[in-house]
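**Student:** Sharing a model that was predicted from the sequence below.
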Amino acid sequence: MALPLVDMPEENHVLLVSFSSQGHINPMLRLGKRLLSKGLHVTLALTEVTRDRMLKSSTESAGASSVSGIGVVFFSDGLSLDYDRKANLDFYIETLGKYGPVNLSALIRDRYHGGKKLVCLIANPFVPWVADVASELGIPCALLWIQPYAIFAIYDSFYNKRNRFPTVDDPDVRVHLPGLPLMTTQDLPSFVLPTNPFNAFMKLFSGFFQHLEKFQWVLGNSFHELERDVVDSLSELCSLRPVGPLVPMALLSDEQGGQDVGVEMWKSEDSCIEWLDRQAPRSVVYVSFGSIVVLPAKQMESIAVALKNTKRPFLWVVKPPEKPPADGAGELPLGFTDEVTDQGRVVTWCPQIKVLSHPAIACFVTHCGWNSMLETICSGIPMIAYPQWSDQPTNAKLITDVFKIGLRLNKDEGGTITSDEIERCIEEVMVGARAEELRKTADELKRAAREAAGPGGSSDRAIQQFVDEVTGGDGDDSGEYGASKGNCHEDQIHDEKKVDVEEEGGEGDRLSLHMVMDDATEVGPPGRTPSID
Ligand SMILES: O=c1cc(-c2ccc(O)cc2)oc2cc(O[C@@H]3O[C@H](CO)[C@@H](O)[C@H](O)[C@H]3O)cc(O)c12
Ligand SMILES: O=c1ccn([C@@H]2O[C@H](COP(=O)(O)OP(=O)(O)O)[C@@H](O)[C@H]2O)c(=O)[nH]1
């Protein structure tokens, strides 16, 4: 029987706390939806600057206090609303770490009777101090890890000094971790390399990985079948719960009109879908570098030349940098769009979910952001990896050596990725025996992803297990991926109440933020000077 949400017992209430950027809020909201469908009461806490941006947005649901049954509440990050947070991300992260805990704690005491009404807090990686707030209030805390577990394993090893990593004096150290292929410098996340310029990030993560015991569970936007070896190797360390892929429902089934919950930062140029409708099946090369990366002029040039030379139809997302840099970074070669009007489309932002599920798409030249990768895996499309920074180099290694669903562009002796190399990879991914093989593996992985997220699949079971644990239900405590540490606070454990939540229909339910709300748009990959120190 379906019961209305209002009848749900207040006690089975979880509070999600997210950093205010698209790549962090969206997986959190999708996790929230899944928890809601398992009968929990869910609220999402965001910083006030997010509400401010929502209010400034002209769209209908702006300022909404709930989205798809998930309540939204706000706390201050300690900075005034008009403060330019992206001017110095290190300072922003530090300030958030100082004032966030005080303000979040006050919000919880105020709204949730000192926290007694919450069975769990769930944080994502840029707000790890949520675990301290939880412990102070006697509430269990979970982390939602939003990159592959492979990255989690590498950071754990790096910050706890379990392996040797490259240093200034020894930059070519290779790293071998259980469940992962041997990694060279080019395969490691940029944050563990001696060239990393982000200090606050280092400080945040070293504290966090040295005190993983603060989190009773590490939920992950991944699935067991995708990262089996590394998930199994980490299960001694903490209670992993792979609950992904946390992607829009439309990518998890062939039925149209699947509902999504998520924030949209930029207005997409939807006319590219009509253009795709006119292209032959599996003919179009899709190219995008996500929301943060801005490519140096030289790399823009080699992609442009390669696309022209392939003579294949293409869709290229070129997001204009917020403050155009003097060196021409992020800009197309002069006259390019006019030269290719009959061949391809360049847009500033596209509806990527619709693009990836369109039958005309043949392959994706990607920066290997984890959200994009999961979306592509769920669409069964082979990838050409062109990683830039953060987790992306390791994600590229996963594409080629672990998932085996794509190729990586190789640098020449001078360290450049030439247009010839891009053209060669596009051909290899599109025609011939290798292309066939990649498509077949990509298709198998797509099925595995859908199965994992579907009813009774590994991720569905992991969510149920987590719900049983936080509500004190009759779940099997030994766990599929590591024992529950059993440190859920007794006074927070309540009888499990199973409630069927009626799915709402409609096109989707989104917090609309058609504006640049990402505080990291000026964080560039190495190769382009980041605007922060
Ligand atoms: O808002 C952000 C702030 C920061 C940041 C903040 C302070 C620092 O000292 C260093 C980095 O990094 C970010 C990295 C991001 O990485 C992106 O996040 C995805 C999901 O985790 C990855 O898979 C992608 O590859 C990756 O580009 C996204 C952000 O919004 C931010
Ligand atoms: O033209 C575009 C390019 C990207 N995206 C979305 O933006 C997100 C990018 O996240 P990812 O983790 O791949 O990279 P990041 O932007 O964080 O580097 C993904 O959900 C994409 O679907 C989109 O909607 N339109």
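**Tutor:** Received, thanks. The structure displayed is predicted, hence computed values, not measured ones. Ligands and ions are numbered 1, 2, ... in the order given.
**Student:** Nearest residue to F336 in space, please, no chain neighbours.
**Tutor:** A304 (5.1 Å; C-beta to C-beta, 6 or more residues apart in numbering). All C-beta spots, glycine's among them, are computed from the backbone N, C-alpha and C.
**Student:** for N163, that is, sorry about that
**Tutor:** Closest residue to N163 apart from its sequence neighbours, by C-beta to C-beta, 6+ apart: S157 at 4.8 Å.
**Student:** what do you get for A448?
**Tutor:** In space, and not counting its chain neighbours, A448 is closest to E225: 4.6 Å by C-beta to C-beta, 6+ apart.
**Student:** show me the contacts for that neighbour.
**Tutor:** With contacts taken as C-beta atoms under 8 Å, 6 or more residues apart in numbering, E225 has the following neighbours: 448, 451-452, 458.
**Student:** Is it possible to mark the buried ones in the residues you listed?
**Tutor:** Buried members of these, counted by 16 or more other C-beta atoms under 10 Å: 448, 451-452, 458.
**Student:** Let me have those in JSON lines, adding secondary structure, pLDDT and distance to ligand 2 as columns.
**Tutor:** Output for those, formatted as JSON lines (DSSP: H, G, I helix; E, B strand; the rest coil; pLDDT from 0 to 100; distance: C-beta to the nearest ligand atom, whole Å):
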{"residue": "A448", "secondary structure": "helix", "pLDDT": "98", "distance to ligand 2": "20"}
{"residue": "E451", "secondary structure": "helix", "pLDDT": "98", "distance to ligand 2": "22"}
{"residue": "A452", "secondary structure": "helix", "pLDDT": "98", "distance to ligand 2": "19"}
{"residue": "S458", "secondary structure": "helix", "pLDDT": "98", "distance to ligand 2": "22"}
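**Student:** Helix or strand: which one has the residue nearest to N163?
**Tutor:** helix 149-159 (DSSP states H and E).
**Student:** Ok, A45 next?
**Tutor:** A45 belongs to strand 41-47 when assigned by DSSP H and E.
**Student:** what residues does that strand touch?
**Tutor:** So strand 41-47 is in contact with 5, 8-10, 12-18, 20, 25, 28-29, 32, 35-36, 67, 69-77, 96, 100, 104, 107, going by C-beta under 8 Å, 6+ apart.
**Student:** related to what we said a few turns ago, roughly how far does the residue nearest to A448 sit from C272?
**Tutor:** 32 Å (C-beta to C-beta, to the nearest Å).
**Student:** swap in Q392?
**Tutor:** 24 Å.
**Student:** R174 now?
**Tutor:** Distance from R174 to C272, by C-beta to C-beta: 42 Å.
**Student:** Of those two, give the one with the bigger neighbour count.
**Tutor:** C272 (24 against 14; other C-beta atoms under 10 Å).
**Student:** Now do the contacts for the more buried one.
**Tutor:** For C272, the contacting residues are 315, 345, 347, 350-351, 355, by C-beta under 8 Å, 6+ apart.
**Student:** which among those gets closest to K323?
**Tutor:** Distance to K323, by C-beta to C-beta, is smallest for V347 among those, at 20.6 Å.
**Student:** Tell me how many other residues crowd S65.
**Tutor:** Count around S65 with other C-beta under 10 Å applied: 10.
**Student:** Could you tell me how far it is located from E264?
**Tutor:** 18 Å.
**Student:** and if you look at V293?
**Tutor:** For V293 relative to E264 (C-beta to C-beta), the value is 19 Å.
**Student:** Looking at these two, which has the bigger crowd around it?
**Tutor:** V293 (25 against 21).
**Student:** and the residue nearest to F336, how many neighbours?
**Tutor:** The burial count for A304: 21, using other C-beta under 10 Å.
**Student:** Please enumerate residues in contact with the helix or strand it falls within?
**Tutor:** For A304, the element it lies in under DSSP H and E is helix 297-310. Residues from elsewhere that reach helix 297-310, judged by C-beta under 8 Å, 6+ apart: 285, 287, 295, 314, 316, 318, 327-333, 336, 339-340, 343-344, 365, 416-420, 422-423, 426-427, 527.
**Student:** repeat that for 6 Å
**Tutor:** 314, 328-329, 333, 336, 418-419, 422-423, 426 (C-beta atoms under 6 Å, 6 or more residues apart in numbering).
**Student:** what do you get for stretch 312-321?
**Tutor:** 272, 279, 283-288, 294, 307, 330, 344-350.
**Student:** mean confidence for that stretch?
**Tutor:** The average pLDDT within stretch 312-321 is 95.
**Student:** Next one: that stretch, is it in contact with ligand 1?
**Tutor:** No. Stretch 312-321 is not in contact with ligand 1 by C-beta under 6 Å from any ligand atom; minimum separation 12.7 Å.
**Student:** list the buried ones in stretch 103-114?
**Tutor:** 103-105, 107-108, 111-112.
**Student:** And for stretch 342-362?
**Tutor:** In stretch 342-362, counting by 16+ other C-beta under 10 Å, buried: 344-347, 349-353, 355-358, 360-362.
**Student:** In strands, which of those appear?
**Tutor:** Mapping those onto strands (DSSP state E) picks out 344-347, 361-362.
**Student:** Which ones among the residues you listed also lie next to ligand 1?
**Tutor:** Near ligand 1, judged by C-beta under 6 Å from any ligand atom, there are no entries from those.
**Student:** got the contact list for the residue of the stretch 301-450 of the chain found nearest ligand 2?
**Tutor:** Closest residue of the stretch 301-450 of the chain to ligand 2, C-beta to the nearest ligand atom: G369 (2.3 Å). The contact partners of G369, by C-beta under 6 Å, 6+ apart, come to G290.
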